[in-house]
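S.K.: take a look and give me a structure for this.
(4 chains)
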Number of protein chains: 2
Amino acid sequence: MQRPFLHPTLEDVRLESVLYALADPARLAIVRTLAFGNCPMNCSTAAPDNLPKSTQSHHYQVLREAGLIRSERKGTEVVNVLRCEELDQKFPGLIAAIIAAAGRA
Amino acid sequence: MQRPFLHPTLEDVRLESVLYALADPARLAIVRTLAFGNCPMNCSTAAPDNLPKSTQSHHYQVLREAGLIRSERKGTEVVNVLRCEELDQKFPGLIAAIIAAAGRA
DNA sequence: TCTTTAGTTCAACATCATTGAACTATTGAA
DNA sequence: TTCAATAGTTCAATGATGTTGAACTAAAGA
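M.R.: Predicted coordinates for the structure are as follows:
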């Protein structure tokens, strides 16, 4: 058994970390894919193509530690979901506005 | 006469750059101060205390190039305003959500 | 047990941020 | 005018971060 992932509590989620995490094009793309897919998705599926696995892994870690996603091991995969309801409770309208804004690029 | 500041057109403003600019605590503080002051404000006034001038200058450049603020020289000062109406046109609700979210920290 | 799959960790290198020191432009006073 | 003060800018050095190939691990399936 591998050690489980650590996720910040909603209280510990910081706005700066959320913005920082979403300021990267690859991570923003992952979040959009999770948002529109609205179901758990493994890492490679939600990530942009041609992104090296080690880079992918790093980006998921940043998203997780910022509190944007929740990850869980399922067999050989890691499945991820957006923590949107929680985040919207803490930062009303923020994630929705960012995802909408990302749609215009 | 010093060379004038360059500001991206609204069209050239990229979401990633906006998020990146606001992911820094000092820059977020500057933006909040400009938002609540709702009038042109010089650099030192809007910046957090004890921030070295060269660092300040760097942060204003990042905010300017991201399209968040508009700067103009007035005598020995540089006065800055938030480009909020413009930004809200391009990214509806985004800046408002971020400023509101920043208020809860 | 062996192989495949999916992801992680490590280490090296590249890129970027911070800031002291020197500089510039403008203003106001003498 | 000249001089000093004010407000920012630029440069260069250092420190902190991001990216990624290579080696590794854990689970699943043949």
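S.K.: helices of chain A, start to end?
M.R.: A:15-22, A:25-37, A:43-46, A:53-66, A:84-90, A:94-102 (DSSP state H).
S.K.: contacts only, for the closest residue to A:Asp88 other than its chain neighbours.
M.R.: Nearest residue to A:Asp88 in three dimensions, chain neighbours excluded: A:Ile95, at 6.1 Å (C-beta to C-beta, 6 or more residues apart in numbering or on different chains). Bear in mind the C-beta positions are built from the backbone N, C-alpha and C, glycine included. Residues near A:Ile95 by C-beta atoms under 8 Å, 6 or more residues apart in numbering or on different chains: A:Ala35, A:Leu82, A:Cys84, A:Leu87, A:Asp88.
S.K.: ranking the residues you listed by neighbours, who comes first?
M.R.: Sorting those by how many neighbours each has (other C-beta atoms under 10 Å in any protein chain shown) puts A:Leu82 first, at 24 neighbours.
S.K.: get me the contact residues on chain A for chain B.
M.R.: A:14-17, A:19-20, A:22-25, A:28, A:90-94, A:96-98, A:100-102, A:104-105 (C-beta under 8 Å from any C-beta of the partner chain).
S.K.: ok, of those, which come out buried?
M.R.: A:15-17, A:19-20, A:22-24, A:28, A:90-91, A:93-94, A:96-98, A:101-102 (16 or more other C-beta atoms under 10 Å in any protein chain shown).
S.K.: these also near DNA strand D: which ones?
M.R.: Among those, the residues that sit close to DNA strand D (C-beta under 7 Å from any atom of the strand) are A:Asp24.
S.K.: which residues does the residue nearest the centre of chain A bridge with?
M.R.: The residue lying closest to the centre of chain A (C-alpha atoms, centre = their mean) is A:Ile69, at 3.9 Å. For A:Ile69, the beta-bridge partners are A:Leu82 (DSSP bridges).
S.K.: what's the separation between it and A:Thr45?
M.R.: A:Ile69 is 13 Å from A:Thr45, where distance means C-beta to C-beta, to the nearest Å.
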